[in-house]
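In: Whatever this is, show me its structure:
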Amino acid sequence: MSILDEAKSIIDGDREQTYGSPGVNLRRIADQWSCYLNQKYQQQNMLSEEDVCWMMVLLKMARQMHTHKDDNLIDAIGYIALIEKTKNA
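Out: The predicted structure follows:
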């Protein structure tokens with residue numbers, strides 16, 4: 001199975017059963033991160049679901065810089081795909 005196929009099977013598979021709707025889950029993460037950043041830096045910023053996806057891609061990139069793992073690539077592809085999936089939901 002290619003990494004593209006693996007990423008698709010993850011975002012379209014049981015992850016939704018485990019974590020709920022991607023749009024709802026990403027919105028909750030964005031709200032939590034926004035709250036943290038607003039309190040820490042005394043600024044009013046509101047992150048979006050897309051921001052969460054891009055920041056998770058950056059996390060996977062940083063990990064990949066240390067050690068190559070297909071998991072990093074699969075997850076990064078999955079987060080990018082979720083951007084489109086949540087906008088079209």
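In: make it CA atoms for all contacts and neighbour counts henceforth
Out: Will do.
In: OK, contacts around residue 53?
Out: 26, 79-80, 82-83 (C-alpha atoms under 8 Å, 6 or more residues apart in numbering).
In: how much space between it and residue 1?
Out: Distance of residue 53 to residue 1, given as C-alpha to C-alpha, to the nearest Å: 24 Å.
In: picking up where we left off before, mark which of the contacts of residue 53 are part of helices, please.
Out: 26, 79-80, 82-83 (DSSP state H).
In: and the two most separated of those residues?
Out: Within the ones in helices among the contacts of residue 53, 26 and 80 form the most distant pair, 12.5 Å apart (C-alpha to C-alpha).
In: residues in contact with residue 19?
Out: Listed by C-alpha under 8 Å, 6+ apart, the contact set of residue 19 reads residue 25.
In: what's the pLDDT at it?
Out: Turning to residue 19, the model gives it a pLDDT of 87.
In: what do you get for residue 89?
Out: 68.
In: Same question for residue 83.
Out: Taking residue 83 on its own, its pLDDT is 95.
In: Residue 57 versus residue 39, what's the distance?
Out: 24 Å.
In: Quick check on these two: which one has the bigger neighbour count.
Out: A count of neighbours by other C-alpha atoms under 10 Å puts residue 57 above the other of residue 39 and residue 57, at 20 against 11.
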